[in-house]
Structures are given as structure tokens and as C-alpha cells.
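**Student:** no FASTA, just this:
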């Protein structure tokens, strides 16, 4: 195992790497953000990943959902991503759930952190409500066009967001992977007990000159 995770062990040592084997997380959604998160975190040595998605792969998903190929059309997103991750890393157990978050939440599975990889606000509000009830931190992420948002919710809540059924518009594939990588880094820093900013919303976008901008907003504490 130490050979597989050599470069990570250089970052935080064998003890923290071994501790990751005892951790459990849930990724809600296995599409654009979720497939990138599953690959990044599934290759890090986290002991158990619960991957939740009721949906099946469609051809228009594939350009931004990097766990899938055109040969996977019609297959379960959760199961297909899970197989890929397990083939990449034998030290992570990944459990696929072909169901929505509401159903998954009734299982009362305890995890160290939940990661939002959904594409709609009502489900994120449900994740927040469940996280508050179970005292579980969670990481929000969203993407649209060339923009994205990330926040580690701990003592704050989702009340600052207006809950609508608005569907995302066009999405560039690289911003999906970028936001997922930020979520994955926050999750790993939390799991190995490195410093990180909580309850701070990062809003990333390209301005009219094509320069990447980052704004930060403190979230309300409940």
C-alpha cells in the first residue's frame, strides 16, 4: 500500500494515510462532479465511499462525466463509476446505490463527510437538512457555463440560497473537473486533519477579459 500512496505519504505521513482507511464518505451524485470526485477520492485510499445516483448514462453526459465512455450508454452511473474506481485502487471499497438521496438518507449510514455532486437546489437543501440532523459536515459544489461554487458547510446552513427548480444551462467540461478537484481537496484536508476554511463560499468565474476570479462569502451560522 505504501508504494501505491508514496506521493501522498510524502505530504502527510504514513499515520494519516493509514487513518484514511478508517474513513467513510458519501458522494451524492455520480455525474459530472460525482464521477470526477469518485476518481480523485477513490484513488486516495479512503476506506469506504458510498456513491449515490439513480440515473443512467446518456450520450450527452459523457463529455463532462469522465468516468464514462460511449460504450457505457444506458448503464447505471453509480455502478459504472464504482467499477472504474475499484479497478484503479484496490484499497478503497466503493458501494453503489442506484437510488435518489431521499431513499439513501433513510438508510441512516454514518459517514465522516458528505459531498454534494448533484445538479439541483432542492436536493442540496435536503442534503443540508440531513447533515444538520445527523451532525455531518458536507461540501457543496455547483457548476454552470464557466462558473462554479464550492463551500464546506459545518456550522452554517443552506438558508442563504433561494431554493428553485432552475436547471443548469451550458457547462464547459473543464470547470466541472476544476470544481470537483476543489471539493476533493477540501474533503481530503478535512479527513487527514489539515487546516481548511469552513463555512466560506468560494465563487469562481472568468471575467469579460477571460481572467479567472475568485470571490469569497461568509455563510450565515445557524
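**Tutor:** Alright, I've got the coordinates. Because the structure is predicted, anything quoted here is derived from the model rather than measured.

**Student:** pLDDT below threshold where in the protein?
**Tutor:** Applying pLDDT under 70 to the chain picks out residues 168, 222.

**Student:** so where do the strands sit in it?
**Tutor:** 24-28, 48-52, 93-97, 113-116, 138-144, 147-153, 200-206, 212-218 (DSSP state E).

**Student:** contact partners of the fourth one?
**Tutor:** Under the contact criterion C-beta atoms under 8 Å, 6 or more residues apart in numbering, strand 113-116 has outside partners 25-29, 33, 37, 41, 123-124, 127, 130-131, 136-141, 183, 187, 190-191. The way it works is simple: take the backbone N, C-alpha and C, and place the C-beta from them, glycine included.

**Student:** just checking, residue 50 touches residue 93?
**Tutor:** No. If you go by C-beta atoms under 8 Å, residue 50 and residue 93 don't touch, sitting 9.6 Å apart.

**Student:** more crowded one of these two?
**Tutor:** More crowded of residue 50 and residue 93, by other C-beta atoms under 10 Å: residue 50, with 21 against 17.

**Student:** ok, what's across the strand from the more buried one?
**Tutor:** residue 26, residue 95 (DSSP bridges).

**Student:** so what's it up against?
**Tutor:** 24-27, 94-95, 97, 104, 109, 111.

**Student:** most neighbours of all those, which one?
**Tutor:** Per-residue neighbour counts (other C-beta under 10 Å) across the contacts of residue 50 peak at residue 27, which has 33 neighbours.

**Student:** ok, now which ones touch that one?
**Tutor:** Under the criterion of C-beta under 8 Å, 6+ apart, the contact list for residue 27 reads 34, 37-38, 41, 49-52, 114-115, 117.

**Student:** ok, residues contacting the longest helix along the chain?
**Tutor:** Looking across the chain with DSSP state H, the single longest helix is helix 173-191. Identification of contacts with helix 173-191 by C-beta under 8 Å, 6+ apart yields 19-20, 23, 25, 32-33, 36-37, 40-41, 44, 46, 63-64, 66, 112-113, 115, 117, 137, 139, 141-143, 145-150, 152, 194-196, 202, 204.
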